[in-house]
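just the structure for this:
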Amino acid sequence: MPHIGKFIFTLSVCAFGALAFGVLAQAQQTQYPKPSDLPNPYHLVEGWPTLPTSMNGGHWGEVIRVSIDRSGNIWVFNRCFNVVPAGSATCIERGAANPPILEFDPSGKLLTSFGAGMFAYPHAFTIDGDGNLWTSDVNDQPAVLGMSAKNSDGVVMGQEVLKLSPTGKVLMTLGKEGVAGNGHDTFDRPTGVAIAPNGDIFVSDGHSPNAHNSARIVKFAKDGKYIKEWGHLGPEPGNFDEPHDIFIGGSQNHVYVADRKNKRIQVFDQDGNFIAAWTQFGQPSSVFVGKDDTLYAGVSFPDPTAKKGEFRGIMIGNANDGSLKAFIPDPTDLGKMTDTGTSASGIAEDDQGNIYAGDVGANNLRKYECVKKAPCL
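A predicted model of the protein is given here:
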């Protein structure tokens, strides 16, 4: 009887694997339009938002993520208006004049800013249904550019997820600050956070490179208790190679993961069951899904005719079937970029259909509006 049970289990695993690979192969074989062949029904809003000159002379540094609260205000997680090291700018010793967290109203007026001294290498950022902020720090170095990464308590910043109130009070900590690991209570460079409607917490763990080869999704209950995890380093469906962003949304509240180095978006249910792997979106660094099941991903595509051999932008598609709808090319000269991959490292959409993109490589925060009379999504 044990041998029969083992045989049935093996068949089940093989059947799931065959189904998963079948879904992936189908996505790869389907002919999708090139980004350049897709419409762009949006235009860039110039001069948004308004930054005070006291913050880096009114100029952005690396912007990693953007999110929108229930009132429609736009929150930004940035690397303290810094640009070095390029692509991973540090907040160490940037001071109160360069806060990593900012809140703007829809007109672009700055309302709130805080967070100085709390982060070394800002990365994950989202807002839950109660208006609380969720952040991560992927720093794994005791010093950056010769500066100590220790905070005021003498602990090396990084390797944790923080839940903050809208005023910056720490409400919960996941992981152990300054400690790298891949256990139930440690992370190794956690890249993204998503909060389910019931309060469950999902963390994408494993910014590349990391000491433990972490490449997984970790699920916690609302109170921070570990529930489960799935995935490890690898190309197979359900595994990851630098899961760079995570989002829960759409009509099905599926889990969407920007599996960056595998060059695909993976879709799961909230128990971690594999649904799809989509390569047609290019190499994604960010993913967002609207209430109408529109998926937005900040991506790059190889193109030998383009400067630096690629072009970048926001790919827009259907979150249920992976079909492509539109493409917003990045307005920045790629020859002037300070980072590789897409410059849209964070994306959000408001209730009016405006799109917001945080730029790491282009050092900017972008807002897009629908072109008048265009069939926007």
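
wasn't Ser36 part of a strand?
No. Residue state for Ser36 (DSSP: H, G, I helix; E, B strand; the rest coil) corresponds to helix; a strand is not indicated.

show me the contacts for it.
Listed by C-beta atoms under 8 Å, 6 or more residues apart in numbering, the contact set of Ser36 reads 311, 327. (Each C-beta comes from the backbone N, C-alpha and C, glycine too.)

secondary structure class for the closest residue to Gly47 other than its chain neighbours?
Leaving aside its chain neighbours, Gly47 sits nearest to Gly108 (7.8 Å; criterion: C-beta to C-beta, 6 or more residues apart in numbering). Following three-state DSSP, we place Gly108 in the coil state.

from Glu369, how far off is Gly108?
For Gly108, the distance to Glu369 equals 12 Å [C-beta to C-beta, to the nearest Å].

same deal with Gln352?
Gln352 is 8 Å from Glu369, by C-beta to C-beta.

more crowded one of those two?
More crowded of Gln352 and Glu369, by other C-beta atoms under 10 Å: Glu369, with 16 against 9.

checking the more buried one next. Helix, strand or coil?
Quick answer, by three-state DSSP: Glu369 is strand.

tell me the contacts of it?
Glu369 neighbours (C-beta under 8 Å, 6+ apart): 42-43, 45, 354.

repeat the analysis, applying 6 Å as the threshold.
45, 354 (C-beta atoms under 6 Å, 6 or more residues apart in numbering).

ok, now Gly231?
Gly231 neighbours (C-beta under 6 Å, 6+ apart): 216-217, 238-240.

next structured bit after the least confident helix or strand in the chain by mean pLDDT?
Of all helical and strand segments in the chain, the minimum by mean pLDDT, DSSP states H and E falls on helix 2-29, at a mean of 45. Moving toward the C-terminus from helix 2-29, the next helix or strand (DSSP states H and E) is strand 42-44.

now do that next one: which elements does it pack against?
Applying 3 or more C-beta pairs under 6 Å, 6 or more residues apart in numbering; DSSP states H and E, we find strand 42-44 packed against no helix or strand.

pLDDT on that strand, on average?
The pLDDT scores in strand 42-44 average 96.

other residues contacting that strand?
So strand 42-44 is contacted by 328, 331, 368, 371 (C-beta under 6 Å, 6+ apart).

kindly state the pLDDT recorded for the last one?
As summarised for this prediction, Val371 has a pLDDT of 91.

and it, what does it touch?
41, 43.

can you check the second one too?
Applying C-beta under 6 Å, 6+ apart to Pro331 gives the contacts Leu44.

now with 8 Å, please.
Per C-beta under 8 Å, 6+ apart, neighbours of Pro331: 44, 366.

what does the first one give?
Taking C-beta under 8 Å, 6+ apart, we find Ile328 in contact with 40, 42, 313-314, 316, 355, 368.

where does pLDDT dip in the chain?
The model of the chain has pLDDT under 70 over residues 1-29, 307, 334-335, 337-342, 373.

taking the centroid of it, which residue is nearest it?
Asp245 (3.0 Å; C-alpha atoms, centre = their mean).

what residues are bridge-paired with that one?
Following DSSP bridges, Asp245 is listed with bridge partners Ala258.

check Pro190 too.
Asp205.

that one touches Val161, doesn't it?
Yes. Taking contacts as C-beta atoms under 8 Å, Pro190 lies within contact range of Val161: 5.6 Å.

neighbour count: the two, which is higher?
Pro190 (30 against 24).

quick one: contacts for that one?
123-124, 136, 138, 159-161, 175, 203-207.

just give me the closest of these to Val289.
Ser204 (14.9 Å; C-beta to C-beta).

sorry, back to before: shared neighbours, Pro190 and Val161?
Going by C-beta under 8 Å, 6+ apart, residues that sit against Pro190 and also against Val161 are 124, 136, 175, 203.

and the helix or strand containing Lys219, what does it pack against?
Lys219 belongs to strand 216-220 when elements are defined using DSSP H and E. Helices and strands touching strand 216-220, by 3 or more C-beta pairs under 8 Å, 6 or more residues apart in numbering; DSSP states H and E, are strand 201-205, strand 226-230, strand 243-249.

check the offset of it from the chain's centre.
Mean C-alpha position of strand 216-220 versus that of the full chain (C-alpha atoms, centre = their mean, to the nearest Å) differs by 15 Å.

export that strand as CSV, just CAs?
C-alpha atoms of strand 216-220 as CSV (Å, rounded to 0.1, in the frame of the first residue of the first chain):
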residue,chain,number,x,y,z
ARG,A,216,10.5,32.6,-2.9
ILE,A,217,7.2,33.9,-1.8
VAL,A,218,6.5,33.9,1.9
LYS,A,219,2.9,34.2,3.3
PHE,A,220,2.1,35.4,6.8
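
and the contacts of that strand?
Contacts of strand 216-220 (C-beta under 8 Å, 6+ apart): 174, 182, 187, 200-206, 226-232, 240, 243, 246, 255, 257, 268, 270, 272.
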